[in-house]
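Enquirer: The following comprises the amino acid sequence and a computationally predicted model.
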Amino acid sequence: MQTSASQYVNLLFMLFHEVRKRAQLPSKLKFTDNEADKIDGHFSENDICVFLWFCWVMEHNAWFPDLRGEKNDASSIQLPEINHLVRSAMVICSGSDREELHRENSSKTSYADVEITAASFYSWIFATIPGLSHWFPQYVQGVIQRASINLDVAVQTPPQKAVHSSDATGLLTSGTAWAIALAIRAPLGGEWLMESLMSVSHSSILPDLIYRSSQHGKGLNRFWSQVEGYNGPSLILVSGTLTQDGNDQRFVIGAFTNQGFENRDSFYGSSGALYALKPLFRSFFPTGRDKSFVYSHQRRIGRVYEARPRPVGIAFGGTQGNERVFIDEDFARIRIRHHGVDKTYQPGFLIPGQASLTTEATILDVEAWGLGGKIAEQGQTMYKRREQLFTEQRRKVDLKTFANWEDSPEKMMMDLMGNPNRVQREDR
């Protein structure tokens, strides 16, 4: 009989409960003897954080069994920063009102005195990070396999330390990558996309950093010079700040597209997703009602007049001129409209304090990550080589054509600049 995802989550709860009991730590979970699937009890803010870290460590062992770490070396594994996940669970499950849900600097920034029911936390897992149960069978299978072999013989290389170099320098931290990977639905990207993000969350292996504004410069031109030719799934992250009630609130949002960016004057794409990443994690997947997944338009060189000029920038969801998310061409401002203008992605608020009106914020940094693997990376390299070859060929001048000075364009220009109004005498 096949075990369902709900049963796997129940097993996680039971395992977490038993581990706490053996460690002589209090557990507020209760299980009915007659009904193993029925779970009662409560989770505190600290319980949720420890439970998610507990799952991360088990998942780390399932995905990367060779990265076990050295004995008595607590620094061999660095736990990810998951405040955005913990806050999401506490705020949504505690039934906070809509305004408090999206206000970062609210009076209740700490939920130390709040407890949520196990049933509400259970529902939050399937609504927000359903992938939490997908890896559990792999973990069990790995434990059985390692119990039947001698690991000292099977592992030929010494264990490596998992250091998250992206935590300190960029927007794609290990905690962010883990949250996005757990939120992935099967039609969106499949196991290969989850593996790419899991590599970020559990090791120092990073996907292709295609563009970072702090490194390559701000603006659509700089962005385009980096992403052009990359034909693979991409993840774009934007950090910004907005001022509300005299306080500056920082946020990070993201957008996934299952193909590379193209210079078009209309929306395109076949799938995608939007993410509110910090200070609170939420994901918004396609509704199936529209296909305005991504829009990226840059002014074409040489085009002077356009009867109907198109917006210049990058957008996700909505319609032209009424986009749900719009990044201007200078990468200086981001405009986020109410989800009512968008039929492509699920409704919900992306940034703190977002109301029914359009919200504009200042952009701090923009990153684009390539998730297409080696094939997409090699394809972009070949594309850039072809473009460089074409550019060099266009710059070459056939000197034989202008061998005669009398027929050369340089002589014509010099004659015009010398005296353009002089009267040319006719030779007789």
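Expert: Arrived safely. Numbering: from 1, shown residues only.
Enquirer: Quick one: the helices in the stretch 151-300 of the chain, in order.
Expert: Under the criterion DSSP state H, counting those that start in this stretch, helices of the stretch 151-300 of the chain are mapped to 151-154, 166-169, 174-183, 190-202, 213-216, 220-227.
Enquirer: for the third one, packing partners?
Expert: Right, the one you point to is helix 174-183. Where contact means 3 or more C-beta pairs under 8 Å, 6 or more residues apart in numbering; DSSP states H and E, helix 174-183 is packed against helix 83-93, helix 166-169, helix 190-202, strand 247-257, strand 272-278. C-beta coordinates here come from the backbone N, C-alpha and C atoms, glycine included.
Enquirer: What are the contacting residues of the first one?
Expert: If you take C-beta atoms under 8 Å, 6 or more residues apart in numbering as the criterion, helix 83-93 is touched by 43, 45, 48-49, 52, 100-101, 111, 114, 116-117, 120-121, 123-124, 128-129, 175-176, 179, 277-282.
Enquirer: List every C-alpha atom in that helix, with coordinates, as PDB.
Expert: Output in PDB follows, covering the C-alpha atoms of helix 83-93 (Å, rounded to 0.1, in the frame of the first residue of the first chain):
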ATOM      1  CA  ASN A  83      13.000  33.300  10.200                       C
ATOM      2  CA  HIS A  84      10.900  33.900   7.100                       C
ATOM      3  CA  LEU A  85       9.400  30.400   7.300                       C
ATOM      4  CA  VAL A  86       8.800  30.500  11.100                       C
ATOM      5  CA  ARG A  87       7.200  34.000  10.800                       C
ATOM      6  CA  SER A  88       5.000  32.800   8.000                       C
ATOM      7  CA  ALA A  89       3.700  29.800  10.000                       C
ATOM      8  CA  MET A  90       3.100  31.900  13.200                       C
ATOM      9  CA  VAL A  91       1.400  34.800  11.500                       C
ATOM     10  CA  ILE A  92      -0.800  32.700   9.200                       C
ATOM     11  CA  CYS A  93      -1.700  30.000  11.700                       C
END
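Enquirer: quick one: it to chain centroid distance?
Expert: 19 Å (C-alpha atoms, centre = their mean, to the nearest Å).
Enquirer: avg pLDDT for that helix?
Expert: The average pLDDT for helix 83-93 rounds to 92.
Enquirer: May I see the buried residues of that helix?
Expert: Going by neighbour count (16 or more other C-beta atoms under 10 Å), the buried part of helix 83-93 is 84-93.
Enquirer: Looking at those residues, which two lie furthest apart in space?
Expert: 84 and 93 (14.8 Å; C-beta to C-beta).
Enquirer: per-stretch mean pLDDT over the helices and strands packed on helix 174-183, give me the minimum one.
Expert: helix 166-169 (a mean of 46).
Enquirer: Correct me if wrong: residue 94 contacts residue 111.
Expert: Yes: counting by C-beta atoms under 8 Å, residue 94 touches residue 111, with 6.8 Å between them.
Enquirer: higher neighbour count, the two?
Expert: Legend: neighbour count by other C-beta atoms under 10 Å for residue 94 and residue 111, higher for residue 111 (20 against 17).
Enquirer: shaky segments in the stretch 101-250 of the chain?
Expert: Low-confidence segments of the stretch 101-250 of the chain (pLDDT under 70): 101-110, 142-169, 185-207.
Enquirer: Residue 280 and residue 93: what is the separation?
Expert: Using C-beta to C-beta, to the nearest Å, residue 280 is found at 12 Å from residue 93.
Enquirer: How about residue 124?
Expert: Taken as C-beta to C-beta, the span from residue 124 to residue 93 is 5 Å.
Enquirer: likewise residue 317?
Expert: Residue 317 is 27 Å from residue 93, by C-beta to C-beta.
Enquirer: give me the number of residues near residue 321?
Expert: Neighbours of residue 321 (other C-beta under 10 Å): 9.
Enquirer: now residue 11
Expert: 15.
Enquirer: Report the contact partners of it.
Expert: With C-beta under 8 Å, 6+ apart, residue 11 has these contacts: residue 136.
Enquirer: now it, what's its secondary structure?
Expert: Following DSSP: H, G, I helix; E, B strand; the rest coil, residue 11 is assigned to helix.
Enquirer: Give me the neighbour count for the residue nearest to residue 343 when sequence neighbours are not counted.
Expert: Of all residues not flanking residue 343 in the chain, residue 290 sits nearest, at 3.9 Å (C-beta to C-beta, 6 or more residues apart in numbering). Residues near residue 290, counting by other C-beta under 10 Å, number 15.
Enquirer: Residue 356 versus residue 290, what's the distance?
Expert: In terms of C-beta to C-beta, residue 290 sits 20 Å off from residue 356.
Enquirer: Could you do residue 89 as well?
Expert: 26 Å.
Enquirer: and if you look at residue 243?
Expert: 19 Å.
Enquirer: Summarise which helices and strands the top helix by length along the chain is packed against.
Expert: Looking across the chain with DSSP state H, the single longest helix is helix 373-395. Here helix 373-395 touches strand 359-370, going by 3+ C-beta pairs under 8 Å, 6+ apart.
Enquirer: wait, doesn't residue 118 sit right on residue 31?
Expert: No: using C-beta under 8 Å, residue 118 is not in contact with residue 31; the gap is 9.9 Å.
Enquirer: Overlap of the contact sets of the two?
Expert: With C-beta under 8 Å, 6+ apart, residue 118 and residue 31 have common neighbours 39-40.
Enquirer: quick one, which of the two is more surrounded?
Expert: Shown here are residue 118 and residue 31; by other C-beta under 10 Å, residue 118 has more neighbours (22 against 16).
Enquirer: Wait, the residue nearest to residue 343 touches residue 341, no?
Expert: No: judged on C-beta under 8 Å, residue 290 makes no contact with residue 341 at a distance of 10.8 Å.
Enquirer: ok, and the closest non-adjacent residue to residue 287?
Expert: The shortest distance from residue 287 to any non-neighbouring residue, by C-beta to C-beta, 6+ apart, is to residue 346 (5.9 Å).
Enquirer: Run through the strands of the chain in chain order.
Expert: 29-31, 39-44, 115-117, 208-212, 234-244, 247-257, 272-278, 282-284, 295-297, 313-319, 322-328, 333-336, 359-370 (DSSP state E).
Enquirer: now those in JSON lines, with distance to residue 12?
Expert: Formatted as JSON lines, the strands of the chain follow (distance: least, C-beta to C-beta, whole Å):
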{"stretch": "strand 29-31", "distance to residue 12": "11"}
{"stretch": "strand 39-44", "distance to residue 12": "10"}
{"stretch": "strand 115-117", "distance to residue 12": "16"}
{"stretch": "strand 208-212", "distance to residue 12": "33"}
{"stretch": "strand 234-244", "distance to residue 12": "27"}
{"stretch": "strand 247-257", "distance to residue 12": "26"}
{"stretch": "strand 272-278", "distance to residue 12": "24"}
{"stretch": "strand 282-284", "distance to residue 12": "20"}
{"stretch": "strand 295-297", "distance to residue 12": "40"}
{"stretch": "strand 313-319", "distance to residue 12": "33"}
{"stretch": "strand 322-328", "distance to residue 12": "34"}
{"stretch": "strand 333-336", "distance to residue 12": "35"}
{"stretch": "strand 359-370", "distance to residue 12": "29"}
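Enquirer: Fine, thanks again, bye for now.
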